[in-house]
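Colleague: I need the structure of the sequence given here:
(2 chains)
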Amino acid sequence: MIKKSLYLILAIVLILPMVVIFYLSLVNHWSYPNIFEVHISWSLWAEFFSGNNNIFKSVFLSLFLSTIIASTATIFGFLVSQQLYEKPLFFKLAYFPYLIAPVVFGAMLQFYFTLIGLTGSFWGVLLAQILFVFPYSVLLFSTFWDERVRQTAFQSTTLGANTWEVFRTVLLPMSKPWIFLCFVQCFLISWYEYGITQLIGIGKIETLPIKTMLFIKEANPHLAALSACIMVFPIISFLLLNRQLFLKKEVTA
Amino acid sequence: MKKEIVIALYFIITIMPLFMGLGYSVLYSFGMVGLMNNGFTFEHWQKLLANSALFTTIGYSLYIRLASLLFILIFALLFSWWLVFKKNKSIFNLLFLPLAFPPLIAAFSWYYILSPAGIISRILYHSGAITDISDFPRLVNDSYSFGIIITHVFLIFPLFTILFIKQAKKERMGAIQEISFTLGSTKNQFFLKVFMPLLLKKTAPLIILYAIFMFGAYEVPLLLGQSSPRMITVFISDKMTRFNLQDIPQAHAMAVTYSVLIVGLTTLFIRKIKTV
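Modeller: Next comes the predicted model:
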């Protein structure tokens, strides 16, 4: 009985935050002590899909930024981890920038960004995110380069394959799961990043998390909830299809 | 040659910015660079120590970290214990949901669950447990930081539950349990003397890593915390971005303290961490 009740509480705790943001995006006000408002409407969603509120712009900006970060980080992680295989201590150096809170990292580096004129610009935010996403991608790829992969590549070379052929026919097919995993993980880190984007972008680069926080600060929970749903729901759907991807991210973190 | 270039690039991106940032913050905190500074001084560090901001902020961050970690581990051990031996697929699947929640959105949602105008308060009002919004206890922006701890637990305990379940399967916990029962141990004895210590020991590096990681929590305390005391990250970003230029050197001093602490702890435990 106790166990069943605890399971029920657990299920509610896990689902409730999602229900709350969805519900808040469907109402225009939520007066106390009503639990449910009479007027439920899709007006905020309709506005979003018709492009009338500027959340749409933030979605594209976030998509663009996260895609660039994820693509470059995946290539960087692959190339660097290949060279660091015999130096495991070098791999561990990647933990340092990754474990320091991005917002503090950004605060310490803000001077240099101002110096080169990147504060408040898209490229500044891109560079700032790169500084902690790239080390993460190296950490992720570090599990790929084991003895088996290296021996297979070595044997291909012995049998006459050139560097490009080894990459195309051996390394690329073998590393596909890592490439996919790294891309998704780096995309997510960038997609959800708030602290360093706010600090280096000084609020001018309105990615989806920045926009959401802006709505929260303006005491507009309904638009904030809409923005939150747009940020989270596609990821949850993707998660339900590929649970392992998310687990790997958290394990590395 | 190519190898050297790639490794150099790795150092330029990974380690160099850290040293550059730390170096600048050290210089700023000792008055050697920056707008309002006039040369080497201990003044900013003394100020930070004098108004006890340094110890309060570090102490508060430690409290949040330890309290969150304690509850995360208790819940994760309890639910993994149940789910390992009696599979409940729907609950197991639900555990993946918080992994897709960024801290910012989790904090926002929990604010509307726990605040005096939130869902719990409304349900209690309708059930007659409270008669006015002011009867509801403060669970967000409160002095014990319940809101922050609950949100952290929501975000991280499912992950640890999943990890404990996986680890328990790897350790063949079912077989170990059978042997223990054959040898006469009770369920409680098995949980306390085998299940819990084995899982905690096997996942210790990850738990430590997460403890370090949680020191840098930002969005959750920003939304659900009080204005004083503040977590280290909120303290630094507040002082750094406010209009009072006199505060900036103190923010840098705090950033130096935080970074040295994180780098020190990571160095201490890095040998225990298997590379990913």
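Colleague: okay, now the unreliable bits of chain B?
Modeller: B:1, B:272-276 (pLDDT under 70).
Colleague: and the closest residue to B:Phe136 other than its chain neighbours, what does it touch?
Modeller: Excluding the flanking residues, the one nearest B:Phe136 by C-beta to C-beta, 6 or more residues apart in numbering or on different chains is B:Ser121, at 4.1 Å. From N, CA and C alone the C-beta is placed, and that goes for glycine too. Taking C-beta atoms under 8 Å, 6 or more residues apart in numbering or on different chains, we find B:Ser121 in contact with A:32-33, B:115, B:130, B:133, B:136.
Colleague: just the closest of these to B:Pro221, please.
Modeller: Of all these, B:Ser115 has the smallest distance to B:Pro221: 15.5 Å, by C-beta to C-beta.
Colleague: surely A:Lys211 and A:Ile230 touch.
Modeller: No - counting by C-beta atoms under 8 Å, A:Lys211 stays clear of A:Ile230, with 9.5 Å between them.
Colleague: name the residues contacting each of the two.
Modeller: Residues touching both A:Lys211 and A:Ile230 by C-beta under 8 Å, 6+ apart: A:Ile55.
Colleague: of the two, who's got more company?
Modeller: A count of neighbours by other C-beta atoms under 10 Å in any protein chain shown puts A:Lys211 above the other of A:Lys211 and A:Ile230, at 24 against 20.
Colleague: which SS state does the more buried one fall under?
Modeller: Three-state assignment for A:Lys211 (DSSP: H, G, I helix; E, B strand; the rest coil): helix.
Colleague: can you tell me the residue of the stretch 101-250 of chain B closest to chain A?
Modeller: Taking C-beta to the nearest C-beta as the measure, the point where the stretch 101-250 of chain B comes nearest chain A is B:Gly216, at 2.9 Å.
Colleague: that residue contacts B:Ile262, doesn't it?
Modeller: Yes - with contact defined as C-beta under 8 Å, B:Gly216 counts as touching B:Ile262 (7.3 Å).
Colleague: pull up the overlap in contacts between the two.
Modeller: By C-beta under 8 Å, 6+ apart, the residues touching both B:Gly216 and B:Ile262 are A:99-100.
Colleague: sorry, back to before: quick one, phi psi at the residue of the stretch 101-250 of chain B closest to chain A?
Modeller: Note on B:Gly216: its backbone torsions stand at phi -90, psi 10 [degrees, to the nearest 10].
Colleague: what's it in contact with, if anything?
Modeller: Taking C-beta under 8 Å, 6+ apart as the test, what B:Gly216 contacts is A:99-104, B:232-233, B:262.
Colleague: same thing but 7 Å
Modeller: A:100-101, A:104, B:233 (C-beta atoms under 7 Å, 6 or more residues apart in numbering or on different chains).
Colleague: likewise B:Leu97?
Modeller: Going by C-beta under 7 Å, 6+ apart, the list of residues near B:Leu97 reads A:14-15, A:18, A:236.
Colleague: and those as a markdown table, adding pLDDT?
Modeller: Below are these laid out as a markdown table (pLDDT from 0 to 100):
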| residue | pLDDT |
| --- | --- |
| A:Leu14 | 94 |
| A:Ile15 | 95 |
| A:Met18 | 94 |
| A:Ile236 | 86 |
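Colleague: quick one: contacts for A:Ile130?
Modeller: Shown in contact with A:Ile130 (C-beta under 7 Å, 6+ apart): A:Ile69.
Colleague: A:Leu93 too?
Modeller: Per C-beta under 7 Å, 6+ apart, neighbours of A:Leu93: B:14-15.
Colleague: also the one 10 residues further on?
Modeller: Neighbouring residues of A:Val103 by C-beta under 7 Å, 6+ apart: A:195-196, A:199, B:218, B:233, B:237.
Colleague: so where's the longest helix in the chain?
Modeller: The chain I'm using is chain A. Ranked by residue count under DSSP state H, the longest helix found in chain A is helix A:55-84.
Colleague: that was the other one, I meant chain B.
Modeller: Chain B, longest helix under DSSP H: helix B:53-85.
Colleague: is there proximity between the helix or strand just after it and chain A?
Modeller: Moving toward the C-terminus from helix B:53-85, the next helix or strand (DSSP states H and E) is helix B:89-94. Yes - applying C-beta under 7 Å from any C-beta of the partner chain, one finds helix B:89-94 touching chain A at B:91, B:94.
Colleague: can you lay out the contacts of A:Val103 as a markdown table showing secondary structure?
Modeller: Shown next, in a markdown table, are the contacts of A:Val103 (three-state DSSP):
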| residue | secondary structure |
| --- | --- |
| A:Gly195 | helix |
| A:Ile196 | helix |
| A:Leu199 | helix |
| B:Tyr218 | coil |
| B:Thr233 | helix |
| B:Ser237 | helix |
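Colleague: thinking again about what came up before, next, the buried residues of the longest helix of chain B.
Modeller: Buried residues in helix B:53-85, counted by 16 or more other C-beta atoms under 10 Å in any protein chain shown: B:53-54, B:57-58, B:60-61, B:64-65, B:67-69, B:71-73, B:75-84.
Colleague: centroid-nearest residue for chain A?
Modeller: What sits nearest the mean C-alpha location of chain A, by C-alpha atoms, centre = their mean, is A:Leu188, with 1.6 Å.
Colleague: quickly find the element holding that one.
Modeller: helix A:172-192.
Colleague: got the angle for that helix vs helix A:55-84?
Modeller: If you take axes from the mean of the first three to the mean of the last three C-alpha atoms, to 10 degrees, helix A:172-192 sits at 140 degrees to helix A:55-84.
Colleague: narrow the contacts of B:Leu97 to those that are buried.
Modeller: Buried among the contacts of B:Leu97 by 16+ other C-beta under 10 Å: A:14, A:18, A:236.
Colleague: one step back: let's have the contacts of B:Leu97 in JSON lines, adding distance to chain B and secondary structure.
Modeller: Formatted as JSON lines, the contacts of B:Leu97 follow (distance: C-beta to the nearest C-beta, whole Å; DSSP: H, G, I helix; E, B strand; the rest coil):
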{"residue": "A:Leu14", "distance to chain B": "5", "secondary structure": "helix"}
{"residue": "A:Ile15", "distance to chain B": "7", "secondary structure": "helix"}
{"residue": "A:Met18", "distance to chain B": "7", "secondary structure": "helix"}
{"residue": "A:Ile236", "distance to chain B": "5", "secondary structure": "helix"}
